[in-house]
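> This is the structure alone, sequence omitted:
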Ligand SMILES: Nc1ncnc2c1ncn2[C@@H]1O[C@H](COP(=O)(O)OP(=O)(O)OP(=O)(O)O)[C@@H](O)[C@H]1O
């Protein structure tokens with residue numbers, strides 16, 4: 001088991017008048033190599049969950065294990081190091097730095113880890129080849145398209161060879177053609193063994209995952225597995241499950 005989440009609870013402003021329970025009893029796990037999508041309506045707790053898994057925020061209860069390590073028990077210095085080595089991030093707005101070239105953006109996580117210049121070449125070449133970025137390396141983020149920016153962001157997420165990639169609405173700012181391109185790359189890296197956890201509003205995006213978790217009112221309401229279904233079949237099942245999740249229906 002790569003990731004194990006046990007009874008996660010998050011109460012914002014705990015013990016205050018305006019306390020709000022954003023996550024109430026979230027438990028799930030993910031195997032190495034799985035591609036899990038997380039869906040749920042606005043305010044259901046998706047970002048809260050992702051922030052906790054990203055180690056940017058602490059829960060008020062529960063446990064998170066990554067490779068059998070309880071990430072919530074780490075001290076701050078260990079936490080920063082663990083995040084850099086084990087996790088990769090892809091955000092909706094890419095978060096590329098405009099003052100750095102594509103190449104330097106991709107290398108940033110390794111530079112922050114303190115890796116020596118001569119050790120950067122091999123990992124750079126690996127991700128550049130996987131994502132077809134050879135011709136873009138000397139360009140700046142404002143000189144490339146949205147899809148190219150998102151591919152750069154994936155390369156940056158992959159370069160430290162993370163155990164888990166966390167993606168927050170990665171197609172949110174892309175048109176449908178570019179979204180498909182991004183999802184195609186996600187599928188490729190997943191087929192190569194990369195574990196991915198992706199929050200999305202889009203059934204189309206979720207349909208490239210192996211499994212979709214539906215969150216409602218801070219709890220996991222339902223999950224669907226793709227199995228042997230075609231992407232189209234899986235997408236229609238995701239849409240049905242989404243309707244039930246939104247409509248407050250009961251599931252068997
Ligand atoms: N820092 C915070 N302080 C207090 N309440 C918060 C905070 N962040 C989120 N919340 C509340 O927690 C609940 C869950 O929010 P969250 O952002 O996790 O939902 P979401 O599913 O990601 O929504 P969206 O799809 O709109 O991004 C919401 O009711 C939200 O208002």
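Right, received. Where do you want to start? Note that the structure is predicted; figures quoted are calculated from it, not measured.

> How about residues contacting whatever helix or strand residue 223 lives in?
Element membership for residue 223, per DSSP states H and E: strand 219-225. The contact list for strand 219-225, computed with CB atoms under 8 Å, 6 or more residues apart in numbering, reads 23-28, 40, 210-215, 234, 237-238, 241, 244-245, 251. C-betas here are computed from N, CA, C, even on glycine.

> ok, now stretch 227-244?
39, 203-204, 206-208, 212, 214, 222, 224, 226, 249, 251.

> swap the cut-off to 7 Å and go again
If you take CB atoms under 7 Å, 6 or more residues apart in numbering as the criterion, stretch 227-244 is touched by 39, 203, 204, 206, 207, 208, 212, 214, 222, 224, 226, 251.

> would CSV of those with pLDDT, distance to residue 148 and secondary structure be doable?
Formatted as CSV, the contacts of stretch 227-244 follow (pLDDT from 0 to 100; distance: CB to CB, whole Å; DSSP: H, G, I helix; E, B strand; the rest coil):
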residue, pLDDT, distance to residue 148, secondary structure
39, 96, 27, strand
203, 95, 25, helix
204, 95, 21, helix
206, 97, 24, helix
207, 97, 24, coil
208, 97, 20, coil
212, 97, 28, strand
214, 96, 32, strand
222, 92, 36, strand
224, 96, 32, strand
226, 95, 29, coil
251, 53, 41, coil
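
> wait, does the strand holding residue 223 contact the ligand?
No. Using CB under 6 Å from any ligand atom, strand 219-225 stays clear of the ligand, coming no nearer than 11.9 Å.

> ok, now stretch 11-23?
Yes. Using CB under 6 Å from any ligand atom, stretch 11-23 comes into contact with the ligand via 12, 13, 20, 22.

> From those residues, keep the buried residues only.
Applying 16 or more other CB atoms under 10 Å to the residues of stretch 11-23 next to the ligand, the neighbour count classes residue 22 as buried.

> Any chance of TSV for the residues of stretch 11-23 next to the ligand, columns secondary structure and pLDDT?
Formatted as TSV, these follow (DSSP: H, G, I helix; E, B strand; the rest coil; pLDDT from 0 to 100):
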residue	secondary structure	pLDDT
12	strand	97
13	coil	95
20	strand	96
22	strand	96
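
> mind putting the residues of stretch 11-23 next to the ligand in JSON lines, distance to residue 150 included?
Below are the residues of stretch 11-23 next to the ligand laid out as JSON lines (distance: CB to CB, whole Å):
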{"residue": "12", "distance to residue 150": "30"}
{"residue": "13", "distance to residue 150": "35"}
{"residue": "20", "distance to residue 150": "32"}
{"residue": "22", "distance to residue 150": "28"}
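
> In the residues of stretch 11-23 next to the ligand, find the pair that's most separated.
13 and 22 (10.3 Å; CB to CB).

> on that earlier part again, in strands, which of the contacts of strand 219-225 appear?
Among the contacts of strand 219-225, DSSP state E puts 23, 24, 25, 26, 27, 28, 211, 212, 213, 214, 215 in strands.

> Now the two most distant members of the residues you listed.
24 and 211 (21.0 Å).

> could you list every residue that touches residue 40?
46, 214, 215, 216, 245.

> Closest to the ligand out of the residues you listed?
Of all the contacts of residue 40, the ligand sits closest to residue 46, with 3.6 Å by CB to the nearest ligand atom.

> Look at that closest one and say how many residues are nearby.
Neighbour count of residue 46, defined by other CB atoms under 10 Å: 22.

> how close does it sit to residue 29?
18 Å (CB to CB, to the nearest Å).

> So for residue 149, what's the nearest residue that isn't a sequence neighbour?
residue 94 (4.7 Å; CB to CB, 6 or more residues apart in numbering).

> Which of the three states applies to the one you found?
Here residue 94 is recorded as coil under DSSP: H, G, I helix; E, B strand; the rest coil.

> just checking, it touches residue 153?
Yes. Applying CB atoms under 7 Å as the test, residue 94 and residue 153 come out as touching, 4.4 Å apart.
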